[in-house]
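Asker: Just to be clear, the model below is a prediction. Sequence and coordinates:
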Amino acid sequence: MRIDSVRLEGFRNYDSQEVLFSPGINVITGKNAQGKTNLLESIFLLSSGHGFRTRSDGELVSFGAERARITGEVFSRGRKQTLDISFGRGTKK
């Protein structure tokens with residue numbers, strides 16, 4: 001599977017952000033506490049259905065936001081697909 005893009009809304013420290021990936025190797029850089037691990041966690045959550053740093057989905061929602069949404073554009077099995085997951089505090093995915 002190849003990830004072409006990820007759109008984050010209300011996820012961890014991202015209010016609204018879209019990240020585009022190249023088909024080759026991508027390097028994610030930044031200072032401490034800029035959201036590098038949060039971006040990786042969003043990709044993990046799309047592929048597995050849960051975060052790797054928390055048990056509660058509510059902890060993944062940004063402070064002040066009601067809901068979080070992650071949308072990923074991927075290429076898998078010879079076709080483009082859209083993965084979309086959303087959840088709120090105290091609600092299920």
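Answerer: That came in fine, so what should we check first?
Asker: quick one: secondary structure of the most centrally placed residue in the chain?
Answerer: Central residue of the chain (C-alpha atoms, centre = their mean): Ser42, 2.5 Å from the mean position. What DSSP: H, G, I helix; E, B strand; the rest coil gives for Ser42 is helix.
Asker: same question, Ile70
Answerer: Here Ile70 is recorded as strand under three-state DSSP.
Asker: coming back round to it: disregarding residues adjacent in the polypeptide, which is nearest to the residue nearest to the centre of the chain?
Answerer: Ile70 (4.9 Å; C-beta to C-beta, 6 or more residues apart in numbering). C-betas here are computed from N, CA, C, even on glycine.
Asker: where in the chain is pLDDT low?
Answerer: 92-93 (pLDDT under 70).
Asker: For this structure, just list every one of the helices.
Answerer: Using DSSP state H, the helices of the chain run over 36-48.
Asker: What are the boundaries of the strands in it?
Answerer: Assigned by DSSP state E, the chain shows strands spanning 2-11, 14-20, 67-76, 79-88.
Asker: For these, give me a markdown table that also has mean neighbour count and distance to Gly35.
Answerer: Shown next, in a markdown table, are the strands of the chain (neighbours: other C-beta atoms under 10 Å; distance: least, C-beta to C-beta, whole Å):
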| stretch | mean neighbour count | distance to Gly35 |
| --- | --- | --- |
| strand 2-11 | 19 | 9 |
| strand 14-20 | 14 | 6 |
| strand 67-76 | 18 | 13 |
| strand 79-88 | 13 | 18 |
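Asker: how about those strands, which one is nearest Gly58?
Answerer: Nearest to Gly58 among the strands of the chain is strand 79-88 (7.6 Å), distances taken as C-beta to C-beta.
Asker: Hey, what's the angle from that closest one to helix 36-48? Just curious.
Answerer: Strand 79-88 runs at 110 degrees relative to helix 36-48, counting by axes from the mean of the first three to the mean of the last three C-alpha atoms, to 10 degrees.
Asker: Identify the residues contacting strand 79-88?
Answerer: By C-beta atoms under 8 Å, 6 or more residues apart in numbering, the residues outside strand 79-88 that reach it are 4, 45-46, 49, 57-58, 60-61, 66-75, 93.
Asker: try 10 Å
Answerer: Strand 79-88 is touched from outside by 1-7, 9-11, 42-43, 45-47, 49, 57-58, 60-61, 65-76, 93, with contacts defined as C-beta atoms under 10 Å, 6 or more residues apart in numbering.
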